[in-house]
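Chemist: fold the following for me, if possible:
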Amino acid sequence: MFEVQSGIVPKAQKVILYGPEGIGKSSLAAKFPNPVFIDTEGSTDKLEVNRMKKPTSWTELIQMLD
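Modeler: As a prediction, the model looks like this:
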C-alpha cells in the first residue's frame, strides 16, 4: 500500500549570505545549527566552525554546493 508521512522532513539547508565585508555574515552563520562553510575569502579563520577548503575554480565551488 501507500505510506503516509507527516511532519517536517529534515534536510540540509543551503544558505548564501551576501553583504559588505566586516558586517558579521560569518559570525551570524556560525550560530546556525551545524554550519559548514565554504570560505572563499579566508574570513572564518578565527571562528570555531566546520569548513571546506577554498575552491580553486568556479567549477569546484559549484561541485561543493551540489
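Chemist: contacts, neighbours, all on C-alpha from now
Modeler: Will do.
Chemist: show me where this protein has helices.
Modeler: With DSSP state H, the ranges of helices along the chain come out as 25-29, 58-65.
Chemist: residues contacting the nearest residue to T40 once chain neighbours are set aside?
Modeler: In space, and not counting its chain neighbours, T40 is closest to K54: 5.3 Å by Cα to Cα, 6 or more residues apart in numbering. Contacts for K54 (Cα atoms under 8 Å, 6 or more residues apart in numbering) come out as 38-42.
Chemist: just to revisit the earlier point, out of the helices of the chain, deepest packed?
Modeler: helix 25-29 (a mean of 15; mean count of other Cα atoms under 10 Å).
Chemist: what average pLDDT does that one get?
Modeler: Helix 25-29 shows a mean pLDDT of 93.
Chemist: how long is stretch 38-47 end to end?
Modeler: By Cα to Cα, to the nearest Å, the extent of stretch 38-47 from end to end equals 13 Å.
Chemist: buried residues in it?
Modeler: Applying a neighbour-count criterion of 16 or more other Cα atoms under 10 Å, one finds 38-39, 44 buried in stretch 38-47.
Chemist: and P20, how many neighbours?
Modeler: Using other Cα atoms under 10 Å, P20 has 7 neighbouring residues.
Chemist: find me the pLDDT at it, would you?
Modeler: On the pLDDT scale, P20 gets 93.
Chemist: measure it to V4 for me?
Modeler: Counting by Cα to Cα, the gap from P20 to V4 is 46 Å.
Chemist: coming back round to it: now the helices of the chain in CSV, with distance to V9?
Modeler: CSV is the format used below for those (distance: least, Cα to Cα, whole Å):
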stretch, distance to V9
helix 25-29, 22
helix 58-65, 20
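Chemist: related to what we said a few turns ago, distance check, the residue nearest to T40 against L65.
Modeler: Relative to L65, K54 is positioned 13 Å away (Cα to Cα).
Chemist: next one: G22
Modeler: Distance, G22 to L65, by Cα to Cα: 24 Å.
Chemist: can you pull out the strands in this protein?
Modeler: For the chain, the strands defined by DSSP state E cover 36-38, 50-52.
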